[in-house]
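**Student:** Got a predicted structure here, sequence first:
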Amino acid sequence: MSSTGDDPFQLSRLADELATRESAASARGPDEHNFPAYVPLSHDNPFLADPNFNVEQFLLSRSNTSLPELRSELREYLSQLKEELVKLINDDYEAFISLSTDLKDEGDRLVRLQSPLGEIKSQILQSRTELQAIQDAIQEKLAKRAVLREEKALLQLLLKLSDSVTRLESLLLIASPETESPDVKPMTLPSHLDNADDSTESRPRGNRAKHLARVAAEYVQLSYHASKARSEKCIFVDQLQWRIDRIRSTISSDLDHVFAVALVSLTDGKGEGKPLSDVTECLKTYDLLGLWRDAEDVIKKEVVRAFVKKHYEFSHAFIRSLEYLAPSVHSITAMRAHPTYIAFQQRWQLPVYFQMRWKEIVGSLEESLSVARIEPSKG
């Protein structure tokens, strides 16, 4: 009998094939078939815990489960949730019933609390009103204090202004206003025209120039304080203005005098008293006061005009000497009638000659002032 007749179901062949497959599977290794692990639904599932539940992502994560199986799994998870909910209600039911029993008589207590609560609210509102009134009073006092502080600062400024005016009048030897009336202002002589033994004129010229420089610096500060007080619309400044103007006029006249004396000494070549240092100090003071026009006028008056006059006298003295050498009066008349003599005399028109000599003399003066080293004056 053939083998087929002995084994009609071919079990031996199937056993051999199964053994062959197992041997092949063992040869391939354990990681040959990497099937996804089955994870049951729970509260830890990230897709179910996500507030923005995404159906597609959830179905893709369960792609290894068929739809009937997934439906059964979701129903089981729903049943689990219901059981947990019932359990939570049963656990807290006793406490819930107890709370409702405890709150049974609390209505009367709440009614009794309404009266004191209203009274407390009224007291709080009254306290708030009183605190607001106190705050307003404090703010008002602070505002008054700020005004007083500003008025105090203005008063100190006015005191400083008055002291500065009095001190400058003393330094410039101006008569005290207590003996004068502001309505009738007496004519006061400049300090350089006052008595020869006064303290200003008795100083050496270098000290007088430095003294005027210090006075001018204080006057500039006085002007600043006066302008600041005037911006506050203070009438006291208007009452002091005539004294301030008198101080400025006195400083200007004294400065012109000291500058003129220094210029004459410088142009005459006299080195006593260091005239170059005095001229420099005076020019600085003119610059501080903004009185460059006055400085130019002093130069014109004391240097240029004196030089023109001296040159005029020398020239005419020379002409008179020539006339003394003339043999006759006719020769003198002929010389005076000569066109050259007439042109020479016409050149002595002082306004024209003044303009001709101005640049030359001022240039010489600027060259003298450009000396780099200035020796300090001897006290």
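**Tutor:** Great, that's in hand.

**Student:** Next up, phi/psi of Y312, please.
**Tutor:** Backbone torsions for Y312, taken as degrees, to the nearest 10, come to phi -60, psi -40.

**Student:** From what I see, L276 and L266 are in contact.
**Tutor:** Yes: between L276 and L266 there is a contact at 6.1 Å, judged by Cβ atoms under 8 Å. For glycine as for every other residue, the C-beta is placed from the backbone atoms N, C-alpha and C.

**Student:** right, and the helix or strand after the helix or strand hosting D16?
**Tutor:** Applying DSSP states H and E as the criterion places D16 in helix 11-28. Following helix 11-28 in sequence order, the next helix or strand is helix 46-49 (DSSP H and E).

**Student:** Next secondary structure element downstream of that following helix?
**Tutor:** helix 55-61.

**Student:** the longest helix in this protein is where?
**Tutor:** Ranked by number of residues, the top helix in the chain under DSSP state H is helix 106-171.

**Student:** elements contacting it?
**Tutor:** helix 205-231, helix 235-268 (3 or more Cβ pairs under 8 Å, 6 or more residues apart in numbering; DSSP states H and E).

**Student:** Of all the residues in the last one, which ones are buried?
**Tutor:** By neighbour count, and taking 16 or more other Cβ atoms under 10 Å as the criterion, the buried residues in helix 235-268 are 236-237, 240, 243-244, 246-248, 250-263, 265-267.

**Student:** Packing partners of that helix?
**Tutor:** Helix 235-268 sits against helix 106-171, helix 205-231, helix 275-289, helix 292-299, helix 305-324, helix 350-369, with contacts defined as 3+ Cβ pairs under 8 Å, 6+ apart.

**Student:** Run the angle between the third one and helix 235-268 for me.
**Tutor:** For helix 275-289 and helix 235-268, the angle between their directions (axes from the mean of the first three to the mean of the last three Cα atoms, to 10 degrees) works out to 150 degrees.

**Student:** Quick one: list the elements packing against helix 275-289.
**Tutor:** So helix 275-289, by 3+ Cβ pairs under 8 Å, 6+ apart, packs with helix 205-231, helix 235-268, helix 292-299, helix 350-369.

**Student:** ok, now with 6 Å
**Tutor:** Counting contacts by 3 or more Cβ pairs under 6 Å, 6 or more residues apart in numbering; DSSP states H and E, helix 275-289 packs against helix 205-231, helix 235-268.

**Student:** ok, now the shortest one?
**Tutor:** Here helix 292-299 touches helix 235-268, going by 3+ Cβ pairs under 6 Å, 6+ apart.

**Student:** again, 8 Å this time
**Tutor:** By 3+ Cβ pairs under 8 Å, 6+ apart, helix 292-299 packs against helix 235-268, helix 275-289.

**Student:** Between the ones you listed, which one is closest to A213.
**Tutor:** Across these, A213 has its closest neighbour in helix 275-289 (4.8 Å, Cβ to Cβ).

**Student:** pLDDT score assigned to the residue nearest in space to the middle of the chain?
**Tutor:** What sits nearest the mean C-alpha location of the chain, by Cα atoms, centre = their mean, is K228, with 19.2 Å. K228 is assigned a predicted lDDT (pLDDT) of 87.
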